[in-house]
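Participant: sequence first, then the predicted structure:
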Amino acid sequence: MGDKKYLLIIGDGMADLPVPELGGKTPLEAADKPFIDALARRSESGSVKNCPDGLPPGSDTAILSIFGCDPLKYYTGRAPLEAAAQGIKLSEGDLAFRCNMASLGGEDVPFEDKIIISHSSGGIEGEESKELVEWLFSQPEFAAAAKKAGVAVKPGLSYRHICVQTPGDGLGLVLFPPHDHLGERVGDNMPRGSRNAGVLAELMKLSNKLLPGHPINEERIALGKLPCNCIWFWAEGTACELPSFADAYGKRGAVISAVPLCRGIAAMTGLQSIEVEGATGELDTNYEGKADAAVRALCEEGFEFVAIHIEAPDECTHNHDLAGKLQAIANIDSRVVMRVCRELEERGEAYRMLILSDHMTLMATGAHGAQPVPFIIYDSTLPQTGPEEGYCEAGGAKGRYIENGTRLMNILFGG
Ligand SMILES: [Zn+2]
């Protein structure tokens, strides 16, 4: 047994408002999560605002806050944070975007009248996604247009790629996160606000002309999968830098996450990213693998702090999949938190663990919410009396209110 271990568990977008299909309960209240609820009853509990007013609510701003980086000071957009996960260094004057592989619906209608069906082409696999985007950018018509626009692609994992525009003009540019506009008309969500918006819109439109003809898409349709028939630009941002986590908190830390955003924030704050095979960012992710990697990092690899980020609840909510959201929360309970705690207890380790949802993701709209979210801090050496409700929005609202999420790490390391 060594020094106290510190853990952070982020269940992305777990928190929500009451849902009519759940008899007015929230998903956190309705989900089967006996272990976390029992912990909550012995934890310090409260609610915290991770998404400051004036910025778009999402994991980018929320997770910056959680890691102690004030988004009002450091946030220039989501894509630069994700670019860091791929080792892409942006220069002054560059503009980075997310380039999603998306699915549009609607045959034989003008591009603008098509409907955004999926922001991820139904969770397209990494290899197919990479092959399609590289093929697109190599097609002469598209390559010429992209070159003229100064846009280059850096293929990433799954449906998430990064594009860098050099030079890139973000002034007045408005891009729409596709996961917040599923079921809506393309024309209502096209880039707007500047001349550069028109340039980016043309590239998106051209991708929708070329991508459907690729054999991968014919095969996907034959298999009953969504075709990946359009790229979607959003999350623009310029070069930024983040403060060192070790300097701020004096802890050597690691982050376990499937999503580039989290890994990028880790890279920029000097935290180590730990790869876990089968970590997908979807409902089928390797929960046990993440839990075991966290225990190894803390007990065998010399890390003092480990964050586990689970994307699945957020992804299910964007897909309007209530059953999936409930299952994701149940999985975090039985396959991550319980597994980590049991293992640490078996090894006789003292630990302190913060569990929270980074932001709300709303079943009602499929979009993020900036409202405060519940948190608990469980200390294996200092049992407390938490809310009878367990870990949920109402339980959190009974405890202390933290107006600024950037204080969370100080509170975690304070005990
Ligand atoms: Zn989300």
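Facilitator: Received the coordinates, thanks.
Participant: do a quick rundown of the helices in the stretch 101-250 of the chain.
Facilitator: 126-138, 140-149, 195-210, 215-222, 245-249 (DSSP state H, counting those that start in this stretch).
Participant: what helices or strands is the last one leaning on?
Facilitator: When contacts are defined as 3 or more C-beta pairs under 8 Å, 6 or more residues apart in numbering; DSSP states H and E, helix 245-249 sits against helix 408-414. The C-beta positions use only the backbone N, C-alpha and C, and glycine is treated the same way.
Participant: counting contacts, what elements does the helix it packs on pack onto?
Facilitator: Helix 408-414 packs on strand 5-11, helix 59-66, helix 245-249, strand 351-356, strand 373-379, going by 3+ C-beta pairs under 8 Å, 6+ apart.
Participant: export it to CSV, keeping only CA atoms.
Facilitator: Extracted in CSV, the C-alpha atoms of helix 408-414 (Å, rounded to 0.1, in the frame of the first residue of the first chain):
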residue,chain,number,x,y,z
LEU,A,408,-12.9,20.5,-8.8
MET,A,409,-9.4,19.2,-8.9
ASN,A,410,-8.4,21.3,-5.9
ILE,A,411,-11.3,19.7,-4.0
LEU,A,412,-10.4,16.2,-5.2
PHE,A,413,-6.8,16.6,-4.2
GLY,A,414,-7.7,18.5,-1.0
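Participant: okay, buried residues for that helix please.
Facilitator: For helix 408-414, a neighbour-count test (16 or more other C-beta atoms under 10 Å) marks 408, 409, 411, 412, 413 as buried.
Participant: now it: average pLDDT?
Facilitator: The predicted model assigns helix 408-414 a mean pLDDT of 96.
Participant: before we move on, what about stretch 376-387?
Facilitator: 95.
Participant: how about TSV for the buried residues of helix 408-414, with distance to residue 16 added?
Facilitator: Listed next are the buried residues of helix 408-414 as TSV, based on distance: C-beta to C-beta, whole Å:
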residue	distance to residue 16
408	20
409	25
411	24
412	24
413	29
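Participant: nearest to residue 20, of these?
Facilitator: Proximity of these to residue 20 (C-beta to C-beta) peaks at residue 408, which lies at 31.6 Å.
Participant: now the strands for the stretch 251-400 of the chain?
Facilitator: Taking DSSP state E, counting those that start in this stretch as the criterion, the stretch 251-400 of the chain contains strands spanning 253-256, 272-273, 305-310, 351-356, 360-361, 368-369, 373-379, 400-402.
Participant: ignore the last one, the stretch 51-200 of the chain
Facilitator: Counting by DSSP E, counting those that start in this stretch, the strands of the stretch 51-200 of the chain are 95-105, 115-118, 151-154, 160-165.
Participant: select, out of these, the one closest to residue 254.
Facilitator: Going by C-beta to C-beta, the one of these nearest residue 254 is strand 160-165, 21.6 Å.
Participant: remind me what the closest one packs against, helices and strands.
Facilitator: Using 3+ C-beta pairs under 8 Å, 6+ apart, strand 160-165 is in contact with helix 79-85, strand 95-105, helix 126-138, strand 151-154.
Participant: in a markdown table, list those along with distance to residue 338.
Facilitator: Formatted as a markdown table, the helices and strands packed on strand 160-165 follow (distance: least, C-beta to C-beta, whole Å):
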| stretch | distance to residue 338 |
| --- | --- |
| helix 79-85 | 29 |
| strand 95-105 | 34 |
| helix 126-138 | 30 |
| strand 151-154 | 38 |
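Participant: okay, those in JSON lines with mean neighbour count and mean pLDDT next?
Facilitator: Shown next, in JSON lines, are those (neighbours: other C-beta atoms under 10 Å; pLDDT from 0 to 100):
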{"stretch": "helix 79-85", "mean neighbour count": "28", "mean pLDDT": "95"}
{"stretch": "strand 95-105", "mean neighbour count": "27", "mean pLDDT": "98"}
{"stretch": "helix 126-138", "mean neighbour count": "18", "mean pLDDT": "96"}
{"stretch": "strand 151-154", "mean neighbour count": "18", "mean pLDDT": "98"}
